[in-house]
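K.L.:
What would the 3D arrangement of this be:
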Amino acid sequence: MQSTNFLLKKEPVEVAPYLEEVKRRADAEALSLGFFPSEVYTQSAERERLVVAVHRSEERDTFAGHLLFGGTFPHLRVFQIYVEEQFRRRGVASMLLDDLILEGEQGNFLTISARVADDLEGANKFWARRGFDALKVVPGGGPLPRVINIRVRQLSTPTLFSAAGFGGAGVAADLQLAGMVPSRSPVFSLDVNVILDIAQRRPRCADVQRIMSAAMNNELRLVVADEFVAELERSHQTGKPDPLLELARGLPRFSKVPVVSAAALSLRIESVVFSQKKLRVGLKPRDKSDISHLVAAIHNRVNGFVTSEDRILKQAKIFRSQFGIDILSPADLSGMVESDPLLENAEMNASFSGIELTVSEISESLRIPIEQFIRKHVSDESVDPDLYLSGTVSSHRRRLVAATDQQIVGCAAWESPQQIRPAQLSLLVDDSQTGSRVAADYLLDLAIRDSCKRAPALIHLSGLGVGKTGLEMAVARGFRRAHGSSTWCEESLVKISFGQVISEDTLATARSRLMELAHVGLPPQLPPYCGFDTGLRVCTPTGAEIAVPLAMLEDLLSPTLLVLPGRPCALVPIRPGYARELLDTGRQLPLFPRKTASLFSERVYYSSSRTASVLVPGALIIFYESSDRGKPGAVTACGRVVRSMVESRIPPGSQSRGVLMESDLPQVMKAGPVNVTFFDTVLRFKSPVALDELRTLGCCKGGDLVLDFINTPTYIVA
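P.N.:
Residues are numbered from 1 along each chain as shown. Sure thing, here's the model as predicted:
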């Protein structure tokens, strides 16, 4: 890729001449870029994760900057981006970043993230201009007391819209998903050098420790080849104690690969990794040992082979395409099992029907009351301890309790989201308590959204003790009885939480992910939108092809939105104060009880009766938040219209789902009949869209915001 006398070099042989220059510049700017050992740059260049920009002139090519990146599918991470001072403000940094964005989109990655020190004002402005939003703030890990902004940009798969919570507990479409299979934890094979990283306290030690912790937590399984033990035995000194060898002998091992199969695989692997070396000098014992490890891993169809061997890591793409196995470094797998300890915007309190409902994390001081609550509603022999146990330090559980006036209404718990395991959710609701439906709705919504934060997920809900109310709300949110289960009472409820928009542009990627995740097949083309009942042909894991209405399919995959050709989209205004209550656009936990609307997945928007023709069931409703205290107005959130009605009086039951005060109602009704719009799946935009962009899109006339259809609902990128 090139632009105005600048050229990007990505192939290892092209990057090699500039490696020392990259290291010198990175070390000189370590305060801004962060410090990495010298071998990191060498290894990254060999794995095509270091991109160098050069300036071309008649005399020579000059180093202009570099980009160092990594990450694990489907998330890319930028570790460094640097431009020489003489070439700054000439688009070099943007060229480097654009190339990575394009590569990520072509590879079906979801996001690119970067860690940027808060005190680097210029750098933060650059990342903000490039669409990287500061989603989280964490303390820095260096010698200086710095604050780090975690900046993230969504790639070509939009995460702007989603739709969920529409559907009842009656006869409904069923994707026939299988229930939980305890033995299906992903399996990874280890190279000897990974264990040596811990034994010899190498820089990768922390990554290997995290992997071992995940294995002990039963999040993944680690298995080794016979060659793993044999390699350690060859280096063992007779008569001396060798704790590492004794540990290796106790690790799970693959059974011996048949001789014929091993020979055939060895030849194929030699041609991939060692072809040139074999022609020159022949294979050494170490080379043959590496081949033995790979043969065992490929023959046993593991999810991945974990190694620190650079020459194998460099061929990761080839191994994936030719052998169907991922080649991972310890850092790669460590990133996949790393848990996010934060659950944003979970705790809250809201008032309704004369009571206050409080949702908070379960502290150890509440353990006994929670255990008593569980035993009251579930037999002693079947108490689910997951509802009150905190998990481990490395894999902390989300544990929430909903209570009114010191009475527990319900509780829920699930594992922090990770890329390599299904989400396991436990829910218990007291049907007799006031607010049980509201509590179940809110807790389910939190769990569903949280589970797919990193990637699409399967959620398994324990049916034990859910209760009638919890079961009804779960079915409405897309949970179904696991295929093969005979009753709703078994631990057998399951759903897909996709968490991404599915449009014509992203359909191929969505089909691939759903097939890999749950063996569910979407149609190869999206049909034209014909209303909520638009049918889509879906292939279930059992091989059956079923017709599923659009609204129901969005429930089953929620949170997601299928942007069918011709689907309507309406833009509506809302005041900032109302937006904070109705759409949860406020990031801070309120000091005073919130409106009841914030508890419901289905909420109400009041508008003029003239809007009835555009706020129709199935339309996407986009909220424009007006300017406030010098802050410019922008589109900040969206939802899906479920139903709407024109009323001369505010319907009973709708007021609790909206945010208008009693004093506001006479003024609203004074202008005539009101259109009462019920919408669900509130989704905050990660990148609010300003007024200038709305004008460009034709959503404003004469400088004023107007409610109108938007012909292309995928125009906004989160």
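
K.L.:
Can you name every helix or strand that the longest strand anywhere in the chain contacts?
P.N.:
Secondary structure of the chain per DSSP state E: the longest strand is strand 674-690. For strand 674-690, the elements it packs on are strand 133-139, strand 602-608, strand 620-625, strand 634-647, judged by 3 or more CB pairs under 8 Å, 6 or more residues apart in numbering; DSSP states H and E. For glycine as for every other residue, the C-beta is placed from the backbone atoms N, C-alpha and C.

K.L.:
Mean pLDDT lowest where, among these?
P.N.:
Lowest mean pLDDT within the helices and strands packed on strand 674-690: strand 133-139, at a mean of 76.

K.L.:
which other residues reach that strand?
P.N.:
116, 118, 124, 128, 145-153, 342, 686-687 (CB atoms under 8 Å, 6 or more residues apart in numbering).

K.L.:
pLDDT-wise, what's the bottom of those?
P.N.:
Within these, lowest confidence goes to L342 (50).

K.L.:
just to revisit the earlier point, for the buried ones among the contacts of strand 133-139, write the corresponding PyMOL selection.
P.N.:
The PyMOL selection below is limited to those of the contacts of strand 133-139 classed as buried (16 or more other CB atoms under 10 Å):
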select buried, resi 116+124+148+149+151+152+153+687
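
K.L.:
tell me which of the contacts of strand 133-139 is nearest to S608?
P.N.:
Of all the contacts of strand 133-139, S687 has the smallest distance to S608: 29.0 Å, by CB to CB.

K.L.:
what about the closest one, distance to S213?
P.N.:
Look at S687 and S213: by CB to CB, to the nearest Å, they are 35 Å apart.

K.L.:
And L100, by the same measure?
P.N.:
For L100, the distance to S213 - CB to CB - is 31 Å.

K.L.:
So for the two, which residue has more residues nearby?
P.N.:
Between L100 and S213, counting by other CB atoms under 10 Å, L100 is the more crowded of the two (20 against 16).

K.L.:
For that one, which non-adjacent residue is closest in space?
P.N.:
Computed as CB to CB, 6 or more residues apart in numbering, the closest residue to L100 that is not its neighbour in sequence is F69, at 5.9 Å.

K.L.:
partners of the helix or strand that neighbour falls within in the sheet?
P.N.:
For F69, the host element (DSSP states H and E) is strand 61-72. When sheet partners are counted by DSSP bridges, strand 61-72 sits next to strand 50-56 (antiparallel), strand 75-83 (antiparallel).

K.L.:
Of all those strands, which one is nearest R603?
P.N.:
Using CB to CB, the strands paired with strand 61-72 put strand 75-83 closest to R603, at 31.1 Å.

K.L.:
quick one: average pLDDT of that closest one?
P.N.:
91.

K.L.:
same question, stretch 549-562
P.N.:
For stretch 549-562, the mean per-residue pLDDT is 87.

K.L.:
in stretch 82-97, what counts as buried?
P.N.:
By 16+ other CB under 10 Å, the buried positions in stretch 82-97 come out as 82-84, 87, 90, 92-97.

K.L.:
Just the pLDDT for the residue nearest to L100.
P.N.:
For F69, the pLDDT comes out at 94.

K.L.:
likewise M661?
P.N.:
pLDDT recorded at M661 is 64.

K.L.:
Tell me the buried residues in stretch 650-658?
P.N.:
650, 654-658.

K.L.:
Show me which of those residues is closest to R47.
P.N.:
Within the buried residues of stretch 650-658, proximity to R47 (CB to CB) peaks at R657, which comes in at 52.0 Å.

K.L.:
Report all helices and strands that the helix or strand where I291 lies contacts.
P.N.:
Secondary structure from DSSP H and E places I291 in helix 285-299. Helices and strands touching helix 285-299, by 3+ CB pairs under 8 Å, 6+ apart, are strand 187-190, helix 226-234, helix 259-273, strand 304-306.

K.L.:
circling back to that earlier point, put the alpha carbons of the longest strand of the chain into CSV.
P.N.:
Extracted C-alpha coordinates of strand 674-690, given in CSV (Å, rounded to 0.1, in the frame of the first residue of the first chain):
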residue,chain,number,x,y,z
VAL,A,674,-50.5,11.4,21.6
ASN,A,675,-48.7,8.6,19.8
VAL,A,676,-47.6,6.1,22.4
THR,A,677,-44.7,4.1,21.0
PHE,A,678,-43.5,0.9,22.8
PHE,A,679,-39.9,0.1,21.9
ASP,A,680,-37.4,-2.4,23.2
THR,A,681,-33.6,-3.1,23.2
VAL,A,682,-32.2,0.3,24.1
LEU,A,683,-28.7,0.5,22.7
ARG,A,684,-26.4,3.4,23.3
PHE,A,685,-24.2,4.5,20.4
LYS,A,686,-20.5,4.2,21.0
SER,A,687,-19.9,7.1,18.6
PRO,A,688,-22.7,9.7,18.9
VAL,A,689,-23.6,11.2,15.5
ALA,A,690,-23.5,15.0,15.5
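
K.L.:
what's the angle from that strand to strand 133-139?
P.N.:
70 degrees (axes from the mean of the first three to the mean of the last three CA atoms, to 10 degrees).

K.L.:
tell me which residues in strand 674-690 are buried?
P.N.:
Across strand 674-690, burial judged by 16+ other CB under 10 Å covers 674-685, 687-689.

K.L.:
Outline the domain layout of the protein.
P.N.:
Here the domain assignment for the chain is 2-154, 187-337, 348-495, 569-705, based on automatic domain parsing.

K.L.:
rewinding a little: can you put the buried residues of stretch 650-658 in JSON lines and add pLDDT, secondary structure and distance to G304?
P.N.:
What follows is those, written out as JSON lines (pLDDT from 0 to 100; DSSP: H, G, I helix; E, B strand; the rest coil; distance: CB to CB, whole Å):
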{"residue": "I650", "pLDDT": "74", "secondary structure": "coil", "distance to G304": "57"}
{"residue": "S654", "pLDDT": "77", "secondary structure": "coil", "distance to G304": "52"}
{"residue": "Q655", "pLDDT": "76", "secondary structure": "helix", "distance to G304": "54"}
{"residue": "S656", "pLDDT": "76", "secondary structure": "helix", "distance to G304": "50"}
{"residue": "R657", "pLDDT": "84", "secondary structure": "helix", "distance to G304": "47"}
{"residue": "G658", "pLDDT": "81", "secondary structure": "coil", "distance to G304": "50"}
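
K.L.:
between those residues, which is nearest S436?
P.N.:
Using CB to CB, S656 comes nearest to S436 of the buried residues of stretch 650-658, at 15.3 Å.

K.L.:
Can you check the pLDDT for the residue nearest to that closest one when sequence neighbours are not counted?
P.N.:
Nearest residue to S656, sequence neighbours excluded (CB to CB, 6+ apart): T596, at 4.5 Å. On pLDDT, T596 comes in at 74.

K.L.:
burial count for T596?
P.N.:
T596 has 21 neighbours, counted by other CB under 10 Å.

K.L.:
what sits against it?
P.N.:
With contact taken as CB under 8 Å, 6+ apart, T596 is in contact with 350-352, 438, 656-657.

K.L.:
what's the farthest-apart pair in those residues?
P.N.:
Across the contacts of T596, the longest distance by CB to CB is 13.9 Å; it joins S351 and R657.

K.L.:
do you know how far the residue of the chain lying at maximal distance from its centre is from A597?
P.N.:
In terms of distance from the mean C-alpha position of the chain, G239 ranks first, at 51.2 Å (CA atoms, centre = their mean). The gap separating G239 from A597 is 75 Å, by CB to CB.

K.L.:
Mind telling me what element the residue most central in space within the chain is part of?
P.N.:
Centroid-nearest residue in the chain: R454, 1.7 Å away (criterion: CA atoms, centre = their mean). Taking DSSP H and E as the definition, R454 sits outside all helices and strands.

K.L.:
again, but for A474
P.N.:
For A474, the host element (DSSP H and E) is helix 467-476.

K.L.:
What strands line up against the next helix or strand after that helix, and which way round?
P.N.:
Next helix or strand after helix 467-476 toward the C-terminus (DSSP H and E): strand 480-481. Sheet partners assigned to strand 480-481 using DSSP bridges are listed as strand 493-497 (antiparallel).

K.L.:
Let me see the residues that make contact with the partner strand.
P.N.:
With CB under 8 Å, 6+ apart as the test, strand 493-497 has contacts from 175, 177-180, 423, 448-449, 451-452, 456-463, 466, 471, 474, 477-482, 514, 517-518, 520, 556-559.
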